[in-house]
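> Sequence and predicted structure, then a few things I'm wondering about:
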Amino acid sequence: MLHLAAIDLKRQKINNLFIPVCENKPIHSDPLVSALVDRALTFPEFKGKKDQELVLHQPPGCAAEKAVFRGVGDAKTLDAETLRQMAGKSVKRCIQMELARMWLAAPDPAATGIDETEGLRALMEGAFLGNHLFDRYKEKKEKKPLTRLDVLAPPAAVARLRRLPAEIETVCGATLMARDWVNLPSNAKPPRVLARLIAGAAKARGLAVEVLAERRLQQMEMGALLAVAAGSSNRPAMVVLQHKGADRRPPVVLVGKGVTFDSGGINLKTGDSLPDMKGDMAGAAAVASVLVAAAELNLKRRLIAVIPLVENMVSGSSTRPGDIVRTFAGKTVEIGNTDAEGRLILIDAMAYAERRFKPEIMIDVATLTGACVIALGEKIAGVFSRDEALQQGILASGRRTHERCWPLPLPEDYKELLKSSYADISNMPSTRYGSALAAALFLSEFVGGTRWAHIDIAGPGLHRKEDAYCGPGGTGFGVRLLMDWLMNNP
Ligand code: BES
Ligand code: ZN
Ligand code: ZN
């Protein structure tokens, strides 16, 4: 599917050749490719500006049927993400042109200043991720994904990076799996069905899988999780996935928010935002996919995912605002607002994970607060941690993968906002100001000594519009981020 190849462009007959072009600097060292670029730039309509395109049929000296030049703009702003986007858009153009394959010429790292491995990785990622279509519910499949993607590079790089295409296929394949789960409508993924889908994917990769049914959750007295599930006729479940790894250290535990639909409950949401709430399990999808990728790549680190799955609905059996529940950890919570349900399922899952697995590090990923979207917009996740090294490590992975993250604080004095007159704590802060922070502080009250980070992906978990290498809907945000973190923080 994904290949890094060195080919003789003079002789090898290929259908197309996509070439990134800068507007103010030659970036290809291959003499044939740079001659073609010079030729393209003689046309007044093509200057190499971002997203400009020019097609040359039967390009001189080259065995390709056509050369497709794609502008990447100013050399000064050229980075790995520009290449990732260029590759994604090129694939989308190929799909539009009903081609089956694409060939993409990588620029010279000496000219772009982008590290060779990172540049090739970005091109392969963008191409692979851009080749994803979610058309399960369309009778007519108008678009067809490409069957093979070749990124062209010098022979030395191809030899050195022999294993890279397969690794990218695994990580980006897991990203696409997460996207698909988010894209499924809520009627196709009630908690127990989603549990089965995740369990199926996990078992196929040799992960140890447990699905805890409602009875088990009741026996374990997960009062907070069960309170959220109470209004839905679709029963909750909790999935536990384990990747054993060779390493003997205590594991890394990932916890993902899995609300298969968030109506808000009795504090019913209004109009506009409701259809997006099928994506309120994007954290669950991401961590499950990370385990799948980790198993495929045989990562050394012991890794566990704990995934609480519920549906937050309105009915005669719904939890009421003002209800008080006892959590798995033993503390009581006054449910001031039934729409602040994510933190309720997460605290039971995290307390359980901590008690059972005694992890070295715990990271939760959740579409937790609208306030985080207000603060950072739809493309950047908020990262909360009292562990500086852990937080910095995640931020660094965000920069490398362009799954962007920004640090947000856990101010001790804001805990004040979560006081309840009747219970140990309220799930509803007393003011809406700073409520992404209050939500994170609420979670922190249920983590013991474990090194912990919380990633709020309410913004980047799901997009309404498509972008360069993602269709509309689920983004798979978090999969590449956490895989990068796991592979760089052994
Ligand atoms: N699932 C939402 C958060 C969300 C908002 C995700 C927008 C994706 C896009 C969460 O359960 C929620 O409703 N949070 C409330 C909390 C409030 C009631 C304290 C919020 O952020 O408004
Ligand atoms: Zn909610
Ligand atoms: Zn929610």
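The structure has been received and is ready for your questions. Bear in mind the structure is a predicted one, so any value in this text is a computation, not a measurement. Ligands and ions are numbered 1, 2, ... in the order given.

> quick check: domain ranges of this structure?
2-154, 169-488 (automatic domain parsing).

> quick one: which of those domains is nearest ligand 1?
Relative to ligand 1, the nearest member of the domains of the chain by C-beta to the nearest ligand atom is domain 169-488, separated by 3.4 Å. Bear in mind the C-beta positions are built from the backbone N, C-alpha and C, glycine included.

> Mind checking the domains of the chain for the one nearest to residue 162?
Closest of these to residue 162 is domain 2-154, at 8.0 Å (criterion: C-beta to C-beta).

> Surely residue 368 touches residue 459?
No - contact criterion C-beta atoms under 8 Å: residue 368 and residue 459 do not qualify, at 10.5 Å.

> Point out the most buried one among the domains of the chain.
domain 169-488 (a mean of 21; mean count of other C-beta atoms under 10 Å).

> So is that domain next to ligand 2?
Yes - with C-beta under 5 Å from the ion as the criterion, ligand 2 is reached by domain 169-488 at 262, 339, 341.

> looking just at contacts, which helices and strands does the helix or strand of the chain with the lowest mean pLDDT meet?
Lowest on mean pLDDT, DSSP states H and E among the helices and strands of the chain sits strand 462-463, with a mean of 94. Secondary-structure packing of strand 462-463 (3 or more C-beta pairs under 8 Å, 6 or more residues apart in numbering; DSSP states H and E): strand 473-474.

> mind listing what the strand it packs on pairs with, with the direction of each?
Take DSSP bridges as the rule and strand 473-474 pairs in its sheet with strand 462-463 (antiparallel).

> So what touches the partner strand?
The contact list for strand 462-463, computed with C-beta atoms under 8 Å, 6 or more residues apart in numbering, reads 182, 276, 279, 282, 367, 378, 470, 472, 473, 474, 475.

> quick check, nearest of those residues to residue 65?
Nearest to residue 65, judged by C-beta to C-beta, of the contacts of strand 462-463 is residue 470 at 28.9 Å.

> Using TSV, please lay out the domains of the chain together with distance to ligand 3.
Below are these laid out as TSV (distance: least, C-beta to the ion, whole Å):
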stretch	distance to ligand 3
domain 2-154	22
domain 169-488	4
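
> now these in CSV, with distance to residue 161?
As requested, the domains of the chain are exported to CSV (distance: least, C-beta to C-beta, whole Å):
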stretch, distance to residue 161
domain 2-154, 6
domain 169-488, 13
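
> Indicate which one of those domains is closest to residue 160.
Counting by C-beta to C-beta, residue 160 lies closest to domain 2-154 out of the domains of the chain; the figure is 8.2 Å.

> measure that closest one end to end?
End-to-end distance for domain 2-154, by C-alpha to C-alpha, to the nearest Å: 16 Å.

> Now do the same contact list for residue 282.
Taking C-beta under 8 Å, 6+ apart, we find residue 282 in contact with 178, 182, 257, 365, 367, 457, 461, 462, 474, 475, 477, 478.

> Kindly reformat the residues you listed as CSV containing distance to residue 429.
CSV is the format used below for the contacts of residue 282 (distance: C-beta to C-beta, whole Å):
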residue, distance to residue 429
178, 30
182, 27
257, 18
365, 21
367, 18
457, 20
461, 22
462, 24
474, 28
475, 28
477, 25
478, 25
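
> which of the residues you listed sit farthest apart?
257 and 475, at 15.2 Å, using C-beta to C-beta across those.

> Could you tell me which residues of this structure lie near ligand 1?
262, 273, 276, 280, 337, 339-342, 367-371, 373, 428, 435, 458 (C-beta under 6 Å from any ligand atom).

> out of the residues you listed, which are inside helices?
342, 370, 371, 373, 435 (DSSP state H).

> tell me the contacts of the fourth one?
Translated: residue 373. Residue 373 neighbours (C-beta under 8 Å, 6+ apart): 458, 459.

> ok, now with 10 Å
273, 367, 380, 382, 436, 456, 457, 458, 459, 460, 461 (C-beta atoms under 10 Å, 6 or more residues apart in numbering).

> Likewise for the third one?
Contacts of residue 371 were listed using C-beta under 10 Å, 6+ apart, and they are 382, 408, 429, 432-439, 456, 458.

> any idea which helix or strand comes after the top helix by length along the chain?
In the chain, taking DSSP H as the definition, the longest helix is helix 164-183. With elements assigned by DSSP states H and E, the helix or strand that comes after helix 164-183 is helix 191-204.

> what's the distance between that next one and the middle of its chain?
Distance of helix 191-204 from its chain centroid, counting by C-alpha atoms, centre = their mean, to the nearest Å, is 18 Å.

> The longest helix of the chain vs helix 191-204, what angle?
170 degrees (axes from the mean of the first three to the mean of the last three C-alpha atoms, to 10 degrees).

> and the least confident of the contacts of residue 373?
Least confident by pLDDT among the contacts of residue 373: that is residue 273, with 87.

> Quickly list what's touching both of residue 368 and residue 459.
residue 382.

> re the thing from before, got TSV for the residues of domain 169-488 next to ligand 2, with distance to residue 92 and pLDDT too?
Formatted as TSV, those follow (distance: C-beta to C-beta, whole Å; pLDDT from 0 to 100):
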residue	distance to residue 92	pLDDT
262	31	98
339	36	98
341	36	98
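
> give me the low-pLDDT residue ranges for this protein?
The model of the chain has pLDDT under 70 over residues 490.

> which stretches of the stretch 251-400 of the chain form helices?
In the stretch 251-400 of the chain, the segments counted as helices under DSSP state H, counting those that start in this stretch are 282-296, 342-357, 370-376, 388-401.

> which residues does residue 9 contact?
Residue 9 touches 17, 30-33, 36, 59, 61-64, 67, 103, 105, 152, counting by C-beta under 10 Å, 6+ apart.
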